[in-house]
Every structure is written in C-alpha cells, then in structure tokens.
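Novice: Sequence first, predicted model second:
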Amino acid sequence: MSDVSKNVTSTWSDPCLDPSSPYYIHPSENPSSVSISPTLNGSNYHSWSRAFRMALISKNKMGFLAGTIPAPDTQYSFYTSWERCNTLIMSWLLNSLSPPIAQSVIFLDRAADIWTDLRERFSQSDLLRIAELQEEIYSLRQGSRSVTDYFTALKSIWEQLDNLRPYTNCTCSAKLYHQQDFVIRFLKGLEEHFSIVRSQILLMDPLPPVNRVFSMIIQQERHKSPSLIADEPNTFVNAASGKGRGRGTLVGQSSSNNRTTSNKKICLLWS
C-alpha cells in the first residue's frame, strides 16, 4: 500500500475527521454558530423545535438529540469526541432559549436530556391546545390586513394544528378534504369586497388548490384595491353627473363642450 493510501485510510478511520460522520465538527462551527430566532419562550415550541431540528439535521447532529448516539464508555478513545459534540450542541440549545428557560436546563449533562425536558414541558399536544387553535382559526378575519398577511397568519395557525394532529397516515380523500377546509376558511375570512370572486371560487368543482386560490385573490386585490372599491359608488355618481375622472362615460355626451346631445343617458361601467 502506498504512503498516500495509508494516509487516506488512517484519516477516514477517525470519525472526527470524516465529514460524513456525526462526530465531525467543521472548523467554522463554534458555540454561537447555531442560534434560532425567535428563541423558545414557552408559547412557540412547535415552530422553534422544527427550526432547531432543521439546523441539526443539516449538520448531521440530530442523533445526539434523538438519543440514537448515546454516550460511549469513558474508556473508549472517541468518548472525548462525543463529549465535544454533545457540549457544542448544548451550547446551541442554550443560545436558542430565552434566559429563564435556559437557566432551568443549564445543569443537565446531555443535549438529549435538554431536548426531552423541553418537549415534555412545552409541546402541549393536548385537546386544550387543539381547541384553542381551532377557535383561533374560526375567529380569524382579514380585517385591515393585506391578503398576504392574512393568509400567512391563517396558515401559521393551521400548520400548528397539523403538527398536533398530523395527517401522515390518512387516506388521500381525507387529506383532500383537509386542504379544502383550509381554502374555505381562507375565503370566508376575507373582507366583503372579495364576495364576488369568493362565490365564484366556492362554486368550482373541485375547489382549486390552496396556492391557486391565493393567487386568484391576490390578482383581484391588485386589480381593485379596497380604497378603489370603496370609492366606486361615488365614482359612479360623479360619472353620471359629468364629474367623473374619465373612468365612466355617458353615451351621447359631447367631448368638446360636455353638453348632452341625447335625452337617454347610459353609463358604461368599467370592469
């Protein structure tokens, strides 16, 4: 075996030097290289835990949180490597917690113990939390928000409910009805100036996908802003009295002297 082959073999036999190993720590990684914002404050556990899981999976360290990489006996040579990874992940966790919560887990020795403690305290996957989310969903209305802000708020609550009651093992028809429920709630919470397009969408069979419905409402919002819609009755009156802004015209009205040449007045509405 050549010297080069020997060097490569000895390098990859050490898991701390293998980039594919969970024990590997990149030189750029440090106790502050992972920090989830906003930090866990007790009421945002589900979104926070999802963000932290994504960060750990991308760094191939999720096994330390899940407990699938347990602490080896101290007599093994790579115990020091495990301890280093465990301590680094604990630092990432503490940096992603609010100060009071961080103080409550700082004396735990393993990242997996901190993760389990936080899940048991803040997951709140019970019927009371489900009832609260359902109430928020059915009471949410667009109000003065833009369509985008309203859609984002509704989707955030809806996904929290999905996280508590996942549809992973449901049939395709159950998932379809679940998506249709979201479309209906989204449409029903819109302001009244979307009533026409809302009725048109609800008459479609089958209902379009969620993103398609959102796109249709956004187009309507851009086509007719709420301020323009609110002004339409006055605009119609002004146009009928000859004081419009060119958005409505009267058949028979002279463009040169603004005098009516016909007794029959018909207002041509714009779309």
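Specialist: Okay, I see it.

Novice: what helix or strand does the residue most central in space within the chain sit in?
Specialist: Centroid-nearest residue in the chain, with CA atoms, centre = their mean: residue 156, separated by 5.3 Å. For residue 156, the enclosing helix or strand under DSSP states H and E is helix 147-164.

Novice: after that helix comes which helix or strand?
Specialist: helix 172-188.

Novice: Tell me the helix or strand right after that next one.
Specialist: Using DSSP H and E, the helix or strand that follows helix 172-188 towards the C-terminus is helix 195-202.

Novice: so residue 217 makes contact with residue 147?
Specialist: Yes. Counting by CB atoms under 8 Å, residue 217 touches residue 147, with 5.4 Å between them. For the C-beta atoms, the positions are set from N, CA and C on the backbone; glycine is no exception.

Novice: how about the helix holding residue 156 as CSV, C-alpha atoms only?
Specialist: These are the backbone C-alpha positions of helix 147-164, laid out as CSV (Å, rounded to 0.1, in the frame of the first residue of the first chain):
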residue,chain,number,x,y,z
VAL,A,147,-54.4,39.3,1.7
THR,A,148,-50.8,38.1,2.1
ASP,A,149,-50.6,39.0,5.8
TYR,A,150,-54.0,37.4,6.5
PHE,A,151,-53.1,34.2,4.5
THR,A,152,-49.8,33.9,6.4
ALA,A,153,-51.4,34.3,9.8
LEU,A,154,-54.1,31.7,9.0
LYS,A,155,-51.5,29.2,7.5
SER,A,156,-49.3,29.6,10.6
ILE,A,157,-52.1,28.6,13.0
TRP,A,158,-53.3,25.8,10.6
GLU,A,159,-49.8,24.3,10.5
GLN,A,160,-49.6,24.4,14.3
LEU,A,161,-52.8,22.4,14.4
ASP,A,162,-51.5,19.9,11.8
ASN,A,163,-48.4,19.4,13.9
LEU,A,164,-50.6,18.4,16.9
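
Novice: what residues does it touch?
Specialist: Residues outside helix 147-164 that contact it (CB atoms under 8 Å, 6 or more residues apart in numbering) are 46-47, 50, 125, 129-130, 133-134, 136-137, 140-143, 145, 182, 185-186, 189-190, 214, 217-218, 221.

Novice: Report the buried residues of it.
Specialist: Buried positions in helix 147-164, judged by neighbour count with 16 or more other CB atoms under 10 Å: 147, 150, 151, 154, 157, 158, 160, 161, 163.

Novice: Residue 180 versus the fourth one, what's the distance?
Specialist: Counting by CB to CB, to the nearest Å, the gap between residue 154 and residue 180 amounts to 14 Å.

Novice: Distance from the chain centre to stretch 133-149, please.
Specialist: 14 Å (CA atoms, centre = their mean, to the nearest Å).
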